[in-house]
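Enquirer: my questions concern the predicted model and sequence given below.
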Amino acid sequence: MPAKHSIDDNNQLIITTWSGEATDSVLVESMKEYQQNIRSNPLYSSYNEILDFRNIVDIKLSTAGMVKLGRIATETDNSGAKTKLAIIVNSNFTFVLARIYITYRNLSPKAKKIIHVFKTEAEGIKWINNDS
């Protein structure tokens, strides 16, 4: 899989690094696997997340794919915990796609996560670590 997950228990943080190609089918399958194997685990329900897309080589993502991803992603949002997701990108194109994804994701009534997009890892980590 092009998504690699690491869990930092000390900082209550899940870091997902994506490499290779990102297509609707690969992203949806990766999201389902992540939800089932990691996010649905009660130990990680209050962990913040970093999604690093800087090593992506190609994106083929449709509007329907983004809607589906957003719907799947909200299934494990924890209404009892204020959690954050920092999406790290390195191009204007992926920045815009990430903002569109956030919009579709937030249309779900189950959406509880606070999400921002950053062009540097340092900015994303700083925001994740800020309690406000």
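Expert: Happy to help now that I have it.
Enquirer: do you know how far the closest residue to Ala81 other than its chain neighbours is from Ile125?
Expert: Spatially, and ignoring its direct neighbours in sequence, Ala81 is nearest to Ser46 (4.0 Å; C-beta to C-beta, 6 or more residues apart in numbering). For every residue, glycine as well, the C-beta is placed using N, CA and C. Taking C-beta to C-beta, to the nearest Å as the measure, Ser46 and Ile125 are separated by 18 Å.
Enquirer: those two: who's more crowded?
Expert: Ile125 (18 against 12; other C-beta atoms under 10 Å).
Enquirer: which helix of this structure spans the most residues?
Expert: helix 92-106 (DSSP state H).
Enquirer: quick check: buried residues in that helix?
Expert: For helix 92-106, burial by neighbour count (16 or more other C-beta atoms under 10 Å) applies to 94-95, 97-98, 101-102, 104-105.
Enquirer: wait, which of the residues you listed is closest to Lys119?
Expert: Phe95 (6.6 Å; C-beta to C-beta).
Enquirer: what are the phi and psi values at the nearest residue to that closest one once chain neighbours are set aside?
Expert: Distances taken as C-beta to C-beta, 6+ apart place Val89 nearest to Phe95, at 5.0 Å, with adjacent residues excluded. As for Val89, its main-chain torsions (degrees, to the nearest 10) stand at phi -130, psi 170.
Enquirer: just Asn11 next, same as before
Expert: According to degrees, to the nearest 10, Asn11 has phi -100, psi 0.
Enquirer: could you do Ile14 as well?
Expert: Dihedral angles (degrees, to the nearest 10) for Ile14: phi -110, psi 120.
Enquirer: so what's it bridging to?
Expert: Ile7, Glu49 (DSSP bridges).
Enquirer: got a list of what it touches?
Expert: 5-8, 38-39, 44, 47-50 (C-beta atoms under 8 Å, 6 or more residues apart in numbering).
Enquirer: can you pull the pLDDT of it?
Expert: At Ile14, the model reports a pLDDT of 97.
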